[in-house]
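*Asks:* For reference, the sequence and a predicted model appear below.
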2 protein chains.
Amino acid sequence: MFSIGQLSKATGVKVPTIRYYEEIGLLPAPGRNAGNQRRYGQGGMDTLGFIKHARDLGFSLEDIKSLMGLDGHLGDDCAAADKIARSQLANVRDRIRKLEQLATELERISHLCDDGNGGCCQVLTALGDHRLCAGDHS
Amino acid sequence: MFSIGQLSKATGVKVPTIRYYEEIGLLPAPGRNAGNQRRYGQGGMDTLGFIKHARDLGFSLEDIKSLMGLDGHLGDDCAAADKIARSQLANVRDRIRKLEQLATELERISHLCDDGNGGCCQVLTALGDHRLCAGDHS
DNA sequence: CTTGATGCTCTAGTGACTAGAGGTCCTACT
DNA sequence: AGTAGGACCTCTAGTCACTAGAGCATCAAG
């Protein structure tokens, strides 16, 4: 049996966050000891580990709810899980693409001060005028 | 003179968002007409364009406040602006790196179902056990 | 038996908006 | 001049995924 603090240390999920997950029905409410404190078993540990890992991979809590069964246990609908994972992958790829455009643009802007082309500050001008952009981000 | 709707169309910033920017002191409150409706000049248009572009580049509203003068006009402190832009670039690069790790991991997970290695669902197992990860994301 | 860490509930705040209610105003058309 | 419908106004509350703090109870070690 683990206290909420031990669970927190073991999984890397902060204590208030664990209580929050319970509140929104993501993590099943565990039993309590005589002093009304939460006591978790291995099942709670596994479920929280699952949630943590999925969150690190960028899944929303809504996605995670879908990935787990309605009763709070891990589901086993492979096709659905695979679909969510693939859509998440597409999402991540898209974010990478957008961020790369931004990095290009920011790099260009950052170099404006180096060139010494008639004094600063070109950075603010570049930020102010989208037409000066090289790429077509967003 | 532009109405808030015209400003919205011209800049691509939604009407409630413009009012929100005004409320938090990012966009100076414009004059009103006889019927208490906002009327913007070119200055308002420019400032909102600046905000929009900076937001698209991933700057926080707090960053944008720093980039603009305290009185709501565009500032001209080049060194400070450059510092913010560079820190934003580093931030974006970091996010790209993390997302690439996630994409790798998600790709691996998504392929588990293809392999047909003893039946599904490996996706949920992989999500549940961080130790099965190839890379060390997060 | 005390001390300090850990736990409890509850409320409110974060960032950057978004949605809706309920009302007023402007503009174009008849 | 009247009217229909869109645009505008303020205000409140909701979103997501937490985070912070108040004020109290409980637990474990010395």
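*Replies:* Okay, I see it.
*Asks:* Tell me the bridge partners for A:Arg38.
*Replies:* Assessed by DSSP bridges, A:Arg38 has beta-bridge partners A:Arg32.
*Asks:* Could you pull up the contacting residues of the residue in chain A positioned nearest to DNA strand C?
*Replies:* Residue of chain A nearest DNA strand C, by CB to the nearest atom of the strand: A:Gly5 (2.2 Å). All C-beta spots, glycine's among them, are computed from the backbone N, C-alpha and C. Residues near A:Gly5 by CB atoms under 8 Å, 6 or more residues apart in numbering or on different chains: A:Val15.
*Asks:* Show me which positions of whichever strand or helix holds it end up buried.
*Replies:* Assigning secondary structure by DSSP states H and E places A:Gly5 in helix A:4-11. Of the residues in helix A:4-11, A:4, A:7-8, A:11 count as buried by neighbour count, 16 or more other CB atoms under 10 Å in any protein chain shown.
*Asks:* For those, give me CSV that also has distance to A:Ser87 and pLDDT.
*Replies:* Conversion of those to CSV gives the following (distance: CB to CB, whole Å; pLDDT from 0 to 100):
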residue, distance to A:Ser87, pLDDT
A:Ile4, 33, 97
A:Leu7, 30, 96
A:Ser8, 30, 96
A:Thr11, 25, 94
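*Asks:* can you list the weak-confidence ranges in chain A?
*Replies:* Low-confidence segments of chain A, defined by pLDDT under 70: A:69-81, A:112-138.
*Asks:* repeat that for 80
*Replies:* Across chain A, the ranges flagged by pLDDT under 80 are A:57-58, A:66-85, A:87-88, A:91, A:95, A:98-99, A:101-102, A:105-106, A:108-138.
*Asks:* where does chain A come near DNA strand C, residue by residue?
*Replies:* Proximity of chain A to DNA strand C (CB under 7 Å from any atom of the strand) is limited to residues A:3-6, A:8, A:15-16, A:19, A:36-38.
*Asks:* Now flag whichever of the residues you listed is closest to B:Leu61.
*Replies:* Nearest to B:Leu61, judged by CB to CB, of the residues of chain A next to DNA strand C is A:Pro16 at 25.6 Å.
*Asks:* hmm, the helix or strand following the helix holding A:Gly5 in reach of DNA strand D?
*Replies:* Downstream of helix A:4-11, the first helix or strand assigned by DSSP H and E is helix A:15-23. Yes: part of helix A:15-23 sits near DNA strand D under the criterion CB under 7 Å from any atom of the strand, namely A:16-17, A:20.
*Asks:* tell me what the longest helix belonging to chain A is packed against?
*Replies:* For chain A, the longest helix by residue count, based on DSSP state H, is helix A:78-111. With contacts taken as 3 or more CB pairs under 8 Å, 6 or more residues apart in numbering or on different chains; DSSP states H and E, helix A:78-111 sits against helix A:61-67, helix A:122-128, helix B:78-115, helix B:122-128.
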